[in-house]
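[1] Coordinates only, no sequence provided:
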């Protein structure tokens, strides 16, 4: 006879449910652990090479025990979907057992670039275009005309609606170094929709871009933010807030210079420029930031340059638009070499210093340190300054180029030019893109007016300029003496 089904007592039922709960909790914990382990395994496999000691590239079928990376020591052909992600590298291994000739083969993941060159400019301009509804003024509202080598542009809405810094209480010399004021506008208070990307520098000196959609407010907590300029002067005009959350004042740092150099290296476009205004040189906000602009199509003169074409594996001649300030460097007579890689440029209404790579082996950090050495001196002496970062393209070789413009304080910028309105010379105006402040001024400006006002209101006094020049010469001589003593 069949046994009747057993009826569980209340106590046995309770223990059954308790056992089920413990089992479910254990399963969830196990699944979570497996997920974390696999994520860790994937991360490690990207960082560590997988080792294959066979010269013929055969599979040994065992895990790489050297670093516990979790990657298999098989050639790319055995990885299916991962084909093309690895490269075969022969390295020295004199102490490794069973390796002939003291060499071994490592299948390493190919080093991925932090940003695709084409994608960088394409994504920035696309994101900029997608946020036109957030602009206070539109770039398309500008009217432009050529005045000799300069380009003058005017937009009445831009002059009236631009976001401005709070005016100083007194008309006096504006200090170049000022403490950060949390009560005033800064880029952390901007509309989150204005942020188009976040940017960080990797350990190996590359840039990592984290692009944000218009609707996204998710932050990747990268230190640098790229925002649209809500009153753009050129296509793609954006602001780079450097270490935005640190709330640093508008005093250029070595890290900010390195960031500017790396951004110019990531952009293959010959018309891209990174710009900087110090306090006292028409910086709009006292929050550390740079500008990025594109000058193609604005009407500036173009000059032929040779540059490497990676697809054709050779050089090609291209037409490169230059600011009039940059074009002044085309004539060797205008370039007074102070020391290797540093020149004082004459032949322009404003005299300025040009820094280039001292040699083919010169590093980004080395160039940035030399520029920052002069910047610190100007900050200490209260000298306002503007800076232009140019892309690494020149007529003879690829050379990164940075122009440093020591200048008079902006409070000296006064006096009628045309219709009683003085021109304001920030970095882009000094470079040659002049912003007229009224329609009458736009129509009436001449080359003589522009150059006279630039010389009178911007060009640093001879004594101050000579002092900076002697400072650079002395620093170069001291550096040479130290190098000579160390070599002895």
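    Happy to help now that I have it. Note that the coordinates shown come from a computational prediction; the quantities given were computed from them, not determined experimentally. Numbers count the residues shown, from 1 in each chain.
[2] the bottom helix or strand of this protein by mean pLDDT?
    strand 50-52 (a mean of 35; mean pLDDT, DSSP states H and E).
[3] The residue nearest to residue 434 when sequence neighbours are not counted in helix, strand or coil?
    Closest residue to residue 434 apart from its sequence neighbours, by C-beta to C-beta, 6 or more residues apart in numbering: residue 152 at 4.7 Å. For the C-beta atoms, the positions are set from N, CA and C on the backbone; glycine is no exception. Secondary structure, DSSP: H, G, I helix; E, B strand; the rest coil: residue 152 is strand.
[4] Torsion angles phi and psi at residue 196?
    phi -100, psi -20 (degrees, to the nearest 10).
[5] The residue nearest to residue 434 - how many residues pack around it?
    23 (other C-beta atoms under 10 Å).
[6] ok, now residue 477?
    The tally of other residues near residue 477 (other C-beta under 10 Å) stands at 11.
[7] And it, how far from residue 381?
    As for residue 477, its distance to residue 381 is 20 Å (criterion: C-beta to C-beta, to the nearest Å).
[8] Who are the contact partners of residue 339?
    472-473, 476 (C-beta atoms under 8 Å, 6 or more residues apart in numbering).
[9] Of these, grab the buried ones for PyMOL.
    The PyMOL command for the buried members of the contacts of residue 339 (criterion: 16 or more other C-beta atoms under 10 Å) is given here:
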select buried, resi 472+476
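[10] Residue 257 - nearest residue in space that isn't next to it in sequence?
    residue 368 is the one closest to residue 257 (C-beta to C-beta, 6+ apart), at 4.2 Å.
[11] ditto for residue 321
    The nearest residue in space to residue 321 (C-beta to C-beta, 6+ apart) is residue 300, at 4.6 Å.
[12] Doesn't that neighbour lie inside a helix?
    No. Counting by three-state DSSP, residue 300 is located in no helix; its state is coil.
[13] what are the phi and psi values for the closest residue to residue 369 other than its chain neighbours?
    Excluding the flanking residues, the one nearest residue 369 by C-beta to C-beta, 6+ apart is residue 254, at 6.5 Å. The phi/psi pair for residue 254 (degrees, to the nearest 10) reads phi -60, psi -40.
[14] for residue 356, same thing?
    Torsion angles, degrees, to the nearest 10, at residue 356: phi -130, psi 170.
[15] I figured it hits residue 390, correct?
    No. With contacts counted by C-beta atoms under 8 Å, residue 356 stays clear of residue 390, the gap being 9.5 Å.
[16] Which one's more surrounded, those two?
    A count of neighbours by other C-beta under 10 Å puts residue 390 above the other of residue 356 and residue 390, at 23 against 19.
[17] If the spatially closest residue to the more buried one that is not a sequence neighbour is in a bridge, with which residues?
    Distances taken as C-beta to C-beta, 6+ apart put residue 401 closest to residue 390, at 4.3 Å, once the chain neighbours are dropped. Residue 401 has the following beta-bridge partners by DSSP bridges: residue 356, residue 390.
[18] Would you confirm that residue 401 contacts residue 345?
    No. Here residue 401 does not reach residue 345: they are 11.2 Å apart, not a contact under C-beta under 8 Å.
[19] if you average pLDDT over the host helix or strand of residue 448, what comes out?
    Element membership for residue 448 (DSSP states H and E) is helix 447-457. Mean pLDDT, helix 447-457: 92.
[20] And that helix, what does it pack against?
    Applying 3 or more C-beta pairs under 8 Å, 6 or more residues apart in numbering; DSSP states H and E, we find helix 447-457 packed against strand 150-154.
[21] The strand it packs on pairs with which strands, and in what direction?
    strand 143-147 (antiparallel), strand 433-435 (parallel).
[22] Make TSV from these and add mean neighbour count, distance to residue 270 and mean pLDDT to it.
    As requested, those are arranged in TSV below (neighbours: other C-beta atoms under 10 Å; distance: least, C-beta to C-beta, whole Å; pLDDT from 0 to 100):
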stretch	mean neighbour count	distance to residue 270	mean pLDDT
strand 143-147	14	20	94
strand 433-435	23	16	94
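[23] shouldn't residue 143 be in contact with residue 442?
    Yes. With contact defined as C-beta under 8 Å, residue 143 counts as touching residue 442 (7.0 Å).
[24] Report the set of residues contacting both of the two.
    Counting by C-beta under 8 Å, 6+ apart, the residues touching both residue 143 and residue 442 are 153-154.
[25] residue ranges with poor pLDDT in the stretch 101-250 of the chain?
    101-119, 161-171, 217-220 (pLDDT under 70).
[26] can you pull out the strands in it?
    103-109, 143-147, 150-154, 195-201, 207-211, 224-228, 238-241 (DSSP state E, counting those that start in this stretch).
[27] can you pull the buried residues of stretch 324-332?
    324-329.
[28] Return the member of these nearest to residue 427.
    residue 325 (9.5 Å; C-beta to C-beta).
[29] Report whether that closest one is found in a helix, as I expect.
    Yes. According to three-state DSSP, residue 325 belongs to a helix.
[30] Tell me how many other residues surround the closest residue to it other than its chain neighbours.
    Ranked by C-beta to C-beta, 6+ apart and with sequence neighbours excluded, the top spatial neighbour of residue 325 is residue 431, at 4.7 Å. Other residues near residue 431 number 25, with proximity taken as other C-beta under 10 Å.
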